[in-house]
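let me see the structure of the following:
(one chain, ligands or ions: 1)
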Amino acid sequence: MAAKRLKSIADQERISLRDSFRGWQSIPRFFREIYAAGPRLFILNLLGRLLKGFSPVVLLWIGKVIIDEIVFLLNNPDGDFTRLWTYVAIELGVALLTDLIGRGVTLTDGLLGDLYSNASSERIIHKAADLSMSQLENPVFYDKLERARMQTNSRVSLMSNVLAQGEGLLSIISLIAGLIYFEPWLILLLILSIVPAFINELKFSSDRYSLARSWTSERRELDYLRYIGANNRTAQEVKLFGLTGFIAGRFRDMAAQYYRLTRRLAVRQSLFGGLFNLLGVIAYYGAYILIIYRTLGGLLTLGELTFLSGSFNRLQTNMQGFFSRFTRISESALYLKDYFDFIDLEPESPGGDVVPMPDRIREGFEFREVYFTYPESDTPVLKGVSFRIRAGEKIAFVGQNGAGKTTLIKLILQFYQPTSGQILLDGTDISRFDKEAYRKRFGVIFQDYFRYEFTLRENIAVGDIGAVRDDTRIGEAARKSLADQVVQEMADGLEQQLGRRFARGQELSGGQWQKVALARAYMKDADVMVLDEPTASLDARAEYEVFERFIGLTRGRTSIIISHRFSTVRMADRILVLEDGVVTALGTHEDLMEQGGLYAELFTLQAAGYQ
Ligand SMILES: Nc1ncnc2c1ncn2[C@@H]1O[C@H](COP(=O)(O)OP(=O)(O)OP(=O)(O)O)[C@@H](O)[C@H]1O
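This next block holds a predicted model:
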């Protein structure tokens, strides 16, 4: 199998050093979101870190005072020991307090992280709901959604890193103040030992991000392969068709390329990093020798020697931590920008004033010269479609696979806007109605309805989720769609968990699922019922019953039915025949039979099959 060649770091647009800092602009907004998720925890955390930030210098300082006091007492054996023990007690107190505060900080970090992660996941769900189908189907948008969703955990660690960074900065400033006070030259050595390592870190982090980013869609494919390769839904086909080798091979090729690219980066980073670290060790010993000389020369006390060498050592570790966190933050902050880019996506809006929905449909729908091409596609699906659906009538759409029947429904439901032409409801362009109010008037079952792994009750109630506790309405919807038979067969009745994913879940047959899905359309007293292939999985008797009920129950209500079964279709008031995106006939069953076109041909073909 010829594997796709994947983009390497050399192929793609590189993210420059300056771009690495770009992400930092999003941090204030990020912290506003975290604050909003848990204001009290956030303030507690800041206070804790503030105190903890000063603890290293305080501890080192007390250590210095203690050693100087010991040296003094050694030289003056008759001196008073009270001061020494007081210092030791203070050191113990500070050490205990620092430990306690440290635990408090870890605790508030974890809790804040949880709160923030929950809040941001919810935001992403809401945002995805605001976007149009064409936005969601667009791969660029989808990649943004994917990045926003996948990086929830990395945002949580970003939060801890930024907070730790503030704390680290306090420690560094206070330790530097001590160094400057006794021995300013040490600062120069410190800078010398740290800066090259920092630049190295920064460079590699932007490379890592560039690589990960340019690979978003490939990683999605890897995830998809992992999913279809090890999953109870695909297991049947994978076993039957022997697909394991194919899927695993495809996964292996892609994963190996990704591994090779990341390995090269990681090895180079680690080599350079090691080299620069050696520089740090040499600088530390340079500083140590300088301090020893000064002490031997009587310029520094023994306590000051321990304070300075301790401070230098701490500073070096703290600064290394600071810089490596800095690059980690720059890296995750770039992802943060992806998240905000997604949150800031503008939903498509028609512009102009919103017109209130009429309280009931008087005339009906009208398609006027509607042309439609799916986004990201060049092939027109609808090519100048004009027809009316009268208020209260039952209309059936028929036509061969791919003719555009479901597309007509998607346009009526405003999942997409026509490329040109108009769809009117009682004379008003449907795009001018508030989408939510408009869609509320429809009871719909889609051809590719979703099987939610929720309870049976919830699966029916998704048609009007506000009524999930309304047993009367759920029971009625189930009766109308024959789903009541399914309810009776389940051990837990309406509370039966469906699907196999969760404990006590019960899988349904195709026809049972269809009855459940059909019940959703009955959940509300909709003005317009839309049934797209509602009976494809039902047995002949169930199908007959479903339709008989449907006709009786929706008398006088506008309904649209898509079906390939002509026994169903002929029950409609009028039938629209769609051929390759064009309406070729519209009339009653009798009219169309008389005309002798595609409808008559298909009807006769199917009828002959039953003889
Ligand atoms: N989301 C989409 N993006 C791009 N093209 C699409 C999309 N959905 C459908 N199409 C294309 O639009 C054409 C019409 O599809 P549609 O689902 O409307 O057909 P249909 O008449 O309902 O067919 P069927 O009887 O098989 O359900 C098909 O050629 C299909 O490939």
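
which parts of the stretch 251-400 of the chain sit against the ligand?
Tyr374, Ser377, Val381, Gly399 (CB under 6 Å from any ligand atom). Heads up, the C-betas are built off the backbone N, CA and C, glycines and all.

okay, helices next: where are they in the stretch 51-200 of the chain?
Under the criterion DSSP state H, counting those that start in this stretch, helices of the stretch 51-200 of the chain are mapped to 82-130, 133-137, 139-150, 152-182, 185-214.

now distance to the ligand too, for those, in CSV please.
Shown next, in CSV, are those (distance: least, CB to the nearest ligand atom, whole Å):
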stretch, distance to the ligand
helix 82-130, 16
helix 133-137, 6
helix 139-150, 12
helix 152-182, 28
helix 185-214, 25
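
right, and those helices - which one's nearest Arg263?
helix 185-214 (11.3 Å; CB to CB).

buried stuff in that closest one?
186, 189-190, 193-194, 197-198, 200-214 (16 or more other CB atoms under 10 Å).

count the neighbours of the residue lying closest to Phe30 once chain neighbours are set aside for me.
Distances taken as CB to CB, 6 or more residues apart in numbering put Leu336 closest to Phe30, at 5.7 Å, once the chain neighbours are dropped. With neighbours defined by other CB atoms under 10 Å, the count for Leu336 comes to 23.

could I get the contacting residues of Leu336?
Gly23, Ser26, Ile27, Phe30, Arg155, Leu158 (CB atoms under 8 Å, 6 or more residues apart in numbering).

CSV please, covering those residues and showing pLDDT, neighbour count and distance to Leu494.
Formatted as CSV, those follow (pLDDT from 0 to 100; neighbours: other CB atoms under 10 Å; distance: CB to CB, whole Å):
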residue, pLDDT, neighbour count, distance to Leu494
Gly23, 74, 23, 49
Ser26, 86, 19, 46
Ile27, 88, 17, 48
Phe30, 91, 23, 43
Arg155, 82, 21, 39
Leu158, 88, 24, 44
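
for the ligand, what's its nearest residue on the stretch 251-400 of the chain.
Tyr374 (3.3 Å; CB to the nearest ligand atom).

does that residue touch Val381 like I think?
Yes - at 6.4 Å, Tyr374 counts as touching Val381 under the criterion of CB atoms under 8 Å.

those two: which is more packed in?
Val381 (22 against 16).

host element of that one?
strand 380-390 (DSSP states H and E).

name the next helix or strand downstream of that strand, please.
Immediately after strand 380-390, counting by DSSP H and E, sits strand 394-398.

next structured bit after that following strand?
helix 405-412.

which residues touch that following helix?
Contacts for helix 405-412 (CB under 8 Å, 6+ apart): 133, 365, 367, 370, 372, 374, 381-382, 385, 397-399, 416-418, 423, 430, 444, 446-447, 530, 532, 560, 562, 578.

name the helices or strands packed onto the next helix or strand after it?
Going down the chain from helix 405-412, the next helix or strand is strand 420-425, by DSSP H and E. Packing partners of strand 420-425 (3 or more CB pairs under 8 Å, 6 or more residues apart in numbering; DSSP states H and E): strand 364-373, strand 380-390.

any chance of JSON lines for these, columns distance to Phe603 and mean pLDDT?
As requested, the helices and strands packed on strand 420-425 are exported to JSON lines (distance: least, CB to CB, whole Å; pLDDT from 0 to 100):
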{"stretch": "strand 364-373", "distance to Phe603": "24", "mean pLDDT": "95"}
{"stretch": "strand 380-390", "distance to Phe603": "20", "mean pLDDT": "95"}
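
which one of those strands lies closest to Lys239?
strand 380-390 (36.0 Å).

neighbouring strands - and their directions - for the closest one?
Strand pairing for strand 380-390, using DSSP bridges, gives strand 364-373 (antiparallel).

and the strand it pairs with, how far out from the chain middle?
Taking CA atoms, centre = their mean, to the nearest Å, one finds strand 364-373 lying 35 Å from the centre of the chain it belongs to.

Glu146 and Tyr224 touch, don't they?
No - counting by CB under 8 Å, Glu146 does not reach Tyr224; the two are 11.1 Å apart.

the two: which is more packed in?
Legend: neighbour count by other CB under 10 Å for Glu146 and Tyr224, higher for Glu146 (18 against 12).

the more buried one and Ile173, how far apart?
40 Å (CB to CB, to the nearest Å).

distance to Ile409 for the residues of the stretch 251-400 of the chain next to the ligand - can I get that in JSON lines?
JSON lines is the format used below for these (distance: CB to CB, whole Å):
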{"residue": "Tyr374", "distance to Ile409": "14"}
{"residue": "Ser377", "distance to Ile409": "18"}
{"residue": "Val381", "distance to Ile409": "12"}
{"residue": "Gly399", "distance to Ile409": "13"}
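
from these, which one has the minimum pLDDT?
Looking at these by pLDDT, the weakest one is Ser377, with 85.

secondary structure class for Thr535?
coil (DSSP: H, G, I helix; E, B strand; the rest coil).

what strand or helix carries the residue lying closest to it once chain neighbours are set aside?
Nearest non-adjacent residue to Thr535, counting by CB to CB, 6+ apart: Glu543, 4.2 Å away. In the assignment (DSSP H and E), Glu543 maps to helix 540-553.

orientation of that helix relative to strand 394-398 in degrees?
140 degrees (axes from the mean of the first three to the mean of the last three CA atoms, to 10 degrees).

got the CA coordinates for helix 540-553 in PDB?
Taking Å, rounded to 0.1, in the frame of the first residue of the first chain, the C-alpha atoms of helix 540-553 are listed here in PDB:
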ATOM      1  CA  ALA A 540     -44.300  -5.000   6.000                       C
ATOM      2  CA  ARG A 541     -47.000  -5.100   8.700                       C
ATOM      3  CA  ALA A 542     -45.300  -2.500  10.900                       C
ATOM      4  CA  GLU A 543     -44.800  -0.200   7.900                       C
ATOM      5  CA  TYR A 544     -48.400  -0.500   6.900                       C
ATOM      6  CA  GLU A 545     -49.500   0.300  10.500                       C
ATOM      7  CA  VAL A 546     -47.100   3.200  10.900                       C
ATOM      8  CA  PHE A 547     -48.400   4.800   7.800                       C
ATOM      9  CA  GLU A 548     -52.000   4.200   8.500                       C
ATOM     10  CA  ARG A 549     -51.600   5.900  11.900                       C
ATOM     11  CA  PHE A 550     -49.500   8.700  10.400                       C
ATOM     12  CA  ILE A 551     -52.200   9.600   7.800                       C
ATOM     13  CA  GLY A 552     -54.900   9.500  10.500                       C
ATOM     14  CA  LEU A 553     -52.900  11.400  13.100                       C
END
